[in-house]
Every structure is written in structure tokens, then in C-alpha cells.
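Student: Build me a model from this:
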Amino acid sequence: MRSILQVSCLLALWLCTACTSEPEAAPSYLLGAWQTQAEGYADQHMFIDDHRIGFGTSSLTADGYVITHIDESQVGAKTLFVVSYQGADQAKYQLAFFYEPAAGGRIIYKNQDHLIWTRKVVTS
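Tutor: Prediction:
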């Protein structure tokens, strides 16, 4: 017979895992490193992998965040994504952008349409 303490610990562990949400998976066509040539941003990059989004100011540094939710909707002929993400400190953020699949893909921030991000070509 298990003690009440053991059962309580197992119940608490089960509740913690049940309440923890899995990171949302980004669509495959958004995955990769993105760059922009916009004035003032040419040295910055953005990356999206299966469960993270990150932003950096050089090829060696980037801040990464866990994607918690992705909303995808059609706005006219454009696809709008709203990516919700959070940092290690549990602070929550959102990024809204339009995705265009032409020419390898383009990401255009909803609130800054002068920032056009293109997929970075990997060189060997």
C-alpha cells in the first residue's frame, strides 16, 4: 500500500506535466535564418526553428524564445502570422508578420512594412 505522501507526490507531478503546454511547432516554410537589408537593420537576423524564434545582431549572438502559439489567417491575398513566444523569465511577447512564399519566402513585419526579411542562403 502506497503512502499518502507517495500518492500526493505522483498526483502533483501529474498535475504539473498536465498544465505545462508543449511548444507550438512552426510551419516548415517559416523555418530558417532570415535577414534584411533595410537601413539600420542589415547586421541583424532572425531565426525560426521547430519550436523557437530568435533575434540577433551578429552571426554569433542571438536571443532565443520558445514559441507558445502561432495564429495563421488570411488577410486578402496575404498570410498573416501572429507568433506568441516567451523567454526564460516567462515574459510573453508577440510578433505579427505577413509571409509571402515567392522567391524563397519573405517575411514583412505587420507594423513595419519597410522591414522585408528574406531567407538566408546557407553557404558551405
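Student: how about the strands in the protein?
Tutor: When secondary structure is read from DSSP state E, the chain shows strands at 32-36, 45-48, 52-56, 63-75, 78-86, 92-100, 106-109, 116-119.
Student: Neighbouring strands of the second one in the sheet, and parallel or not?
Tutor: Read that as strand 45-48. Sheet pairing here is set by DSSP bridges, and for strand 45-48 it gives strand 32-36 (antiparallel), strand 52-56 (antiparallel).
Student: average model confidence for the last one?
Tutor: Put plainly, it is strand 52-56. For strand 52-56, the mean pLDDT works out to 92.
Student: just the first one next, same as before
Tutor: Strand 32-36 shows a mean pLDDT of 92 in the predicted model.
Student: Pull the distance from it to the chain's centre.
Tutor: When C-alpha coordinates are averaged (Cα atoms, centre = their mean, to the nearest Å), strand 32-36 and its chain have centres 13 Å apart.
Student: got the buried residues for it?
Tutor: Neighbour-count burial for strand 32-36 flags 32, 33, 34, 35, 36 (criterion: 16 or more other Cβ atoms under 10 Å). Just so you know, the C-beta spots here come from the backbone N, C-alpha and C atoms, and that holds for glycine as well.
Student: Please report how far the spatially most central residue of the chain lies from residue 102.
Tutor: With distances taken as Cα atoms, centre = their mean, residue 53 lies nearest the centre of the chain, 3.3 Å away. Distance from residue 53 to residue 102, counting by Cβ to Cβ, to the nearest Å: 22 Å.
Student: Equivalent analysis for residue 118, please.
Tutor: Distance of residue 118 to residue 102, computed by Cβ to Cβ: 10 Å.
Student: Who has more neighbours out of the two?
Tutor: residue 118 (15 against 6; other Cβ atoms under 10 Å).
Student: Is the nearest residue to that one once chain neighbours are set aside bridged to anything, and to what?
Tutor: Leaving out its chain neighbours, the residue that sits closest to residue 118 by Cβ to Cβ, 6 or more residues apart in numbering is residue 106, at 5.8 Å. Residue 106 has these beta-bridge partners by DSSP bridges: residue 100, residue 118.
Student: can you pull the contacts of residue 106?
Tutor: Residues near residue 106 by Cβ atoms under 8 Å, 6 or more residues apart in numbering: 99, 100, 116, 117, 118.
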